[in-house]
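sequence plus predicted model, see below.
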Amino acid sequence: MPIPNYLKEIGFNETRKAGRTCFEARCPCGCEKFHIYKNKFTKEEKALMKPHDDAWRFYCNVSYPDGTQYKRDENGKWRHYIIKECVWEEIKEIETTPEMATDYVWNEKGELRLYYVKSGVWEELEIPEMPPFASTEAYKAACSECGREFILFDNRFYGYDAVLASEGMKRDLEYKPTYAQKKFKDGKPRRLFFQIENFDTLEEFCKDMEEEYDEVTFSNSFSWIWVYIIDENGKKSKLFEYETA
Ligand SMILES: [Zn+2]
């Protein structure tokens, strides 16, 4: 696939192999070293996210208070599980409603309803909605010579879901993220290396999607992105990766 349109200005030294495109970054001024920034929520924004976070934390604490979980089976019998190597394994069936447990059902409208039981009494747990800005994940880079800034990734605008499947995604397109610089021990700027995954060609992509798209839309709707930073000694480490579909 081509370099994503929004990265075209800085992308160079491109190589393509089996659905993966790799390239490096160079500022139009000629410099290849950048200071790196990641979006960060402010105190005020965190306060808006807190009701949702608190409700989830509460639910998770009740769900797995001792690393085990109670679940009702299809006959309404309670069973007690423990997680072993990422698989829930049953410990035993229990006779009565446990002291603390959670349960969830999907109602007729398809909405998730969460419940918890404490001392044998079931209560519905309201999880307040997350404000739409809260799902924003964004990175930018500033040229270490001329200071010009470039967006490396913003999950509201780039990648498959953002470009082609935005329905149902909660995102705030007007939101202006606050960025914080990533501090490195040596205090030096970094070179950048990108790897993008998608179909090789626009034709394949359109055929698979059964829809006509232009080159810009195709290039920005990659399904996976990896971004690496390279220090002065040539040591490469992953800055982030994001599955966008
Ligand atoms: Zn520059």
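Right, received. Where do you want to start?

all contacts plus neighbour counts: C-alpha atoms, from now on.
Noted.

quick one: mean pLDDT for the lengthiest helix in the chain?
The residue-count maximum for a helix in the chain (DSSP state H) belongs to helix 43-63. Here helix 43-63 scores 87 as its mean pLDDT.

what does that helix contact?
Contacts to helix 43-63, defined as C-alpha atoms under 8 Å, 6 or more residues apart in numbering, come from residues 69-70, 100-102, 116, 125-131, 134.

buried subset of these as a ChimeraX selection?
What follows is the ChimeraX syntax selecting those of the contacts of helix 43-63 that are buried according to 16 or more other C-alpha atoms under 10 Å:
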select :69,70,100,101,102,116,125,127,134
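
and of the contacts of helix 43-63, the nearest to the ion?
Ranked by distance to the ion (C-alpha to the ion), these are led by residue 134 at 30.8 Å.

so how far is residue 174 from the spatially closest residue to the closest one that is not a sequence neighbour?
Distance criterion C-alpha to C-alpha, 6 or more residues apart in numbering; nearest residue to residue 134, sequence neighbours excluded, is residue 49 at 7.1 Å. Residue 49 is 18 Å from residue 174, where distance means C-alpha to C-alpha, to the nearest Å.

check whether the helix or strand hosting residue 196 contacts the ion.
Element membership of residue 196 [criterion: DSSP states H and E] is strand 191-197. No: on the criterion C-alpha under 5 Å from the ion, strand 191-197 is out of touch with the ion, staying 12.4 Å away.

would you give the sheet partners of that strand, along with the direction of each?
strand 20-25 (antiparallel), strand 224-230 (antiparallel) (DSSP bridges).

and that strand, average pLDDT?
With pLDDT averaged residue by residue, strand 191-197 scores 98.

quick check: what element follows it along the chain?
Counting by DSSP H and E, what follows strand 191-197 is helix 202-209.

hmm, back to that, buried ones in the longest helix of the chain?
49, 51-53, 56, 59, 62-63.

where in this structure is pLDDT low?
Within the chain, the segments meeting pLDDT under 70 span 63-67, 98-100, 168.

and if we set it to 80?
59-74, 76-78, 83-88, 90-107, 109-122, 166-169 (pLDDT under 80).

the ion contacts on that one?
Counting by C-alpha under 5 Å from the ion, the residues of the chain that sit close to the ion are 27, 29, 143, 146.

quick check: closest non-adjacent residue to the second one.
With C-alpha to C-alpha, 6+ apart as the criterion, residue 29 has its nearest non-adjacent residue at 7.1 Å, and that residue is residue 146.

what's the answer for the first one, then?
Once its chain neighbours are removed from consideration, residue 27 has its nearest residue in residue 10; the separation is 5.4 Å (C-alpha to C-alpha, 6+ apart).

now do the contacts for the one you found.
Residue 10 neighbours (C-alpha under 8 Å, 6+ apart): 24-28.
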